[in-house]
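# what would the 3D arrangement of this be:
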Amino acid sequence: MNFFKNKDYFSTGILTRKEATSYVRISLVNLGENTEFVDYKVYNWNDEIPFVIESKVVQLDSYESKINDVNIVSMCYGDRLDANLYEVRLSLIHNKSVIASICEIGNSKVYNEGNTIFHSQLNPIKYR
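Numbering: from 1, shown residues only. Below is the predicted model of the structure:
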């Protein structure tokens, strides 16, 4: 997608999943007047080479918020997916109007005490 040419990349860093966690909740809000796009990827780091659990482009209209829950403990193609180590990467266009936060939630979709990453805590990534 061409609109991601001039974007910033951010990462939560590699996080350790708490025992009661089944989902990673990615909360996004657009406080601007223009439509914005956010590209997120959730990686499983259990093996030496990480693989993408979910990748999605989210469109946020002006003053809109969206919540995306990504299952990190499930049955996938007959194999049990149990991402004890995971990372969330976000791609944002150079615009300060989009705010993101990431937290862990359980099966009942209730917030779990533990890994919560606010927008200001995301680590910028420079791709070469």
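# out of the helices and strands in the chain, which is least certain?
strand 79-82 (a mean of 65; mean pLDDT, DSSP states H and E).
# not counting its neighbours along the chain, what's nearest the residue nearest the centre of the chain?
In the chain, the C-alpha closest to the average C-alpha coordinate belongs to residue 88, at a distance of 4.1 Å (C-alpha atoms, centre = their mean). Computed as C-beta to C-beta, 6 or more residues apart in numbering, the closest residue to residue 88 that is not its neighbour in sequence is residue 12, at 4.6 Å. Backbone N, C-alpha and C define where each C-beta goes, glycine included.
# any idea how far residue 35 is from that neighbour?
Noted for residue 12: a distance of 25 Å to residue 35, by C-beta to C-beta, to the nearest Å.
# the more surrounded of these two?
residue 12 (22 against 11; other C-beta atoms under 10 Å).
# doesn't residue 123 make contact with that one?
Yes: Residue 12 is within contact range of residue 123, at 7.5 Å (criterion: C-beta atoms under 8 Å).
# element containing the residue nearest to the centre of the chain, please.
strand 85-93 (DSSP states H and E).
# so residue 32 touches residue 64, yeah?
No: the criterion here is C-beta under 8 Å, and residue 32 misses it with residue 64 at 10.1 Å.
# just to be sure, residue 13 is in a strand?
No: with DSSP: H, G, I helix; E, B strand; the rest coil as the criterion, residue 13 is assigned coil and is not in a strand.
# what's the closest non-adjacent residue to it?
residue 123 (5.7 Å).
# strands along this structure, start to end?
Secondary structure of the chain (DSSP state E): strands at 7-11, 15-16, 23-30, 36-44, 51-60, 65-71, 73-76, 79-82, 85-93, 98-105, 111-118, 123-125.
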